[in-house]
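Student: give me the fold of what follows.
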Amino acid sequence: MPARTPVAIVALPLAALLLSGCASGSTASPGSPDDGATDAAASGYPLTIDNCGTEVTFEAAPERVVTIKSSTLELLLALGLEDRIVGAAFTDGPVPDEFADAASGIELLSDKVPSQEVTLAAEPDLVFAGWESNLSAEGAGDRETLAKLGVASYVAPAACKGEGYMPNPLTFDEVFAEFEEAGAIFGVPDAAADLVASQRSELDAIEPSDAGLTALWYSSGDDTPYVGAGIGAPQMIMDAAGLENVAADVEDTWTAMGWEAIVAADPDVIVLVDAAWNTAEQKIAHLESNPATAALPAVQQGRYLVVDFPATEAGVRNVGAVSSLVDQLGELDLR
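Tutor: Numbering: from 1, shown residues only. Here you go, the predicted structure:
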């Protein structure tokens, strides 16, 4: 097991005192009731979670949350917790239409990772980060420092990188378990259960392609493309859509893959990640202007599938991404 850093947090405003907590292994663990604590125990608190190797104890549900990355913002919106979000940062694009009204009053603190100063100015009791790297001295603040200031930190578990913590491979069961863990943290287990049930039903209704198609997941990069590898969200989404990832043998979430290797793989379809900073249209232009890739049948015949960047990380958009890819295959008459 990886080394764990015990950090006990009281989920109260910034001025709250830091309390000490006990280790609970690698799962969420509600506190056992003792004299005078029956009500707290019945509500599921205190709750200790081993999060990417850092143990965090919540004495109550967080009430003032700063989210970093779209995946964390959209999960809280899906759980109906928009009133608890005091600021969002480093979003990857507009929220889905279904969340637009709920998100309309949320302040965007920074287009990138917010500084510790900006983060603390929002007076959060929790920083909910999409990546471990968001929580650093150069970013929103390292976890130990935030803890000393009475601010809890929590990383989306699918983004954990340490041995024994990084999902290998990421599965929909893991993604749904993360929704449930968030429901426990925020005291809304019923909302989390409803979200999981809805998404499981939607996923079960999808009929994946049975055409045996190979696919390249092209995320970014011109000189050297960055592609979806064998254990992360791209692999999970392609698997569910019935596509065989040409980079599936790489044991990582994303990887660099040379154009020569891509040409040799000759994928049947190319999944293009559409990001504001590197659009699907820009990727198509590059593929069609690059002499090596311009000769690929998938490029010559325009066999492209498009997925929005926020759907490429573990979160509430993953099931929709599977459905979209299958629909796009149907439009190309490739199912």
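Student: contacts and neighbour counts: CA atoms only from here.
Tutor: OK.
Student: first-to-last residue distance for stretch 156-167?
Tutor: 11 Å (Cα to Cα, to the nearest Å).
Student: likewise for stretch 49-60?
Tutor: Start-to-end, stretch 49-60 (Cα to Cα) is 13 Å.
Student: which SSE is residue 77 in?
Tutor: Assigned by DSSP states H and E, residue 77 belongs to helix 70-78.
Student: so residue 48, which of the three states?
Tutor: Here residue 48 is recorded as strand under DSSP: H, G, I helix; E, B strand; the rest coil.
Student: state the pLDDT value of it.
Tutor: On the pLDDT scale, residue 48 is placed at 98.
Student: quick check: pLDDT value at the residue nearest to it when sequence neighbours are not counted.
Tutor: Among residues not flanking residue 48 along the chain, residue 57 sits closest, at 4.1 Å (Cα to Cα, 6 or more residues apart in numbering). Note on residue 57: pLDDT of 97.
Student: which strands and helices sit next to the helix or strand containing residue 57?
Tutor: Assigned by DSSP H and E, residue 57 belongs to strand 54-58. Packing partners of strand 54-58 (3 or more Cα pairs under 8 Å, 6 or more residues apart in numbering; DSSP states H and E): strand 5-6, strand 47-51, strand 152-155.
Student: which of those sits closest to residue 266?
Tutor: strand 152-155 (36.8 Å; Cα to Cα).
Student: figure out how far the closest one is from the centre of its chain.
Tutor: 14 Å (Cα atoms, centre = their mean, to the nearest Å).
Student: quick one: contacts of the helix holding residue 77?
Tutor: 67, 82, 88, 90-93, 95, 99, 102-103, 128-130, 156, 179, 195, 310, 313-316 (Cα atoms under 8 Å, 6 or more residues apart in numbering).
Student: in CSV, list the helices and strands packed on strand 54-58 along with mean neighbour count and distance to residue 271.
Tutor: Shown next, in CSV, are those (neighbours: other Cα atoms under 10 Å; distance: least, Cα to Cα, whole Å):
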stretch, mean neighbour count, distance to residue 271
strand 5-6, 18, 39
strand 47-51, 24, 32
strand 152-155, 26, 27
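Student: JSON lines please, covering the ones you listed and showing distance to residue 206.
Tutor: Formatted as JSON lines, those follow (distance: least, Cα to Cα, whole Å):
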{"stretch": "strand 5-6", "distance to residue 206": "41"}
{"stretch": "strand 47-51", "distance to residue 206": "32"}
{"stretch": "strand 152-155", "distance to residue 206": "30"}
